[in-house]
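Undergrad: curious how this folds, go ahead:
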Amino acid sequence: MTWHLADLNADVLASICIALHDVEEGTKSLRAFSSMNRSIRHASLPPLFRSVSVPKKPLRESAEALVALKETNSVTRYIRVFAFSPLPSHKAVQEYWTSRDPAVLVQRPEDAPD
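TA: The predicted structure is shown next:
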């Protein structure tokens, strides 16, 4: 009788995925492993999406990334660590250096999402 990884219990698959993620210290190998079949993909979702960060981009692009993330309801429930640090616009930085008011770095009308 031939055994396949897909025949393993979901808890065992989840443990393998967590171990693979922790040993490799990243998601590259786990992403490749998760593409083998649906049951492995399902087991790999928690470690793959445990930590999510929005890249340092201007506020408008960062907001678009947040909207796209929100629309993927199937993975948002696995997020445990979230990093969001948008870059202020060039104009906002110039105004900060003039006024020394950190509030100008948070949001400028031209950076706000539509």
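Undergrad: what's the distance between the residue nearest to the spatial centre of the chain and Asp22?
TA: For the chain, the residue nearest the mean C-alpha position is Val52 (2.5 Å; Cα atoms, centre = their mean). Distance of Val52 to Asp22, computed by Cβ to Cβ, to the nearest Å: 17 Å. C-betas here are computed from N, CA, C, even on glycine.
Undergrad: double-check that the residue nearest to the centre of the chain belongs to a helix.
TA: No: assessed with DSSP: H, G, I helix; E, B strand; the rest coil, Val52 is strand; it does not lie in a helix.
Undergrad: in the chain, which spans are helices?
TA: Using DSSP state H, the helices assigned to the chain run over residues 10-24, 28-34, 38-48, 59-71, 73-76, 90-99, 103-106.
Undergrad: what's the angle between the longest one and helix 38-48?
TA: If you take axes from the mean of the first three to the mean of the last three Cα atoms, to 10 degrees, helix 10-24 sits at 50 degrees to helix 38-48.
Undergrad: packing partners of helix 10-24?
TA: helix 28-34, helix 38-48 (3 or more Cβ pairs under 8 Å, 6 or more residues apart in numbering; DSSP states H and E).
Undergrad: just to revisit the earlier point, please identify the deepest-packed of the helices of the chain.
TA: helix 38-48 (a mean of 18; mean count of other Cβ atoms under 10 Å).
Undergrad: re the thing from before, Ala83: which of the helices of the chain is closest?
TA: helix 59-71 (11.0 Å; Cβ to Cβ).
Undergrad: in this structure, which helix or strand is least confident?
TA: Within the chain, no helix or strand scores below helix 103-106, which has a mean of 67 by mean pLDDT, DSSP states H and E.
Undergrad: make JSON lines from the helices and strands packed on helix 10-24 and add distance to Ala63 to it.
TA: Conversion of those to JSON lines gives the following (distance: least, Cβ to Cβ, whole Å):
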{"stretch": "helix 28-34", "distance to Ala63": "26"}
{"stretch": "helix 38-48", "distance to Ala63": "24"}
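Undergrad: now for these, which one comes closest to Leu5?
TA: Per Cβ to Cβ, nearest to Leu5 of the helices and strands packed on helix 10-24: helix 38-48, 6.3 Å.
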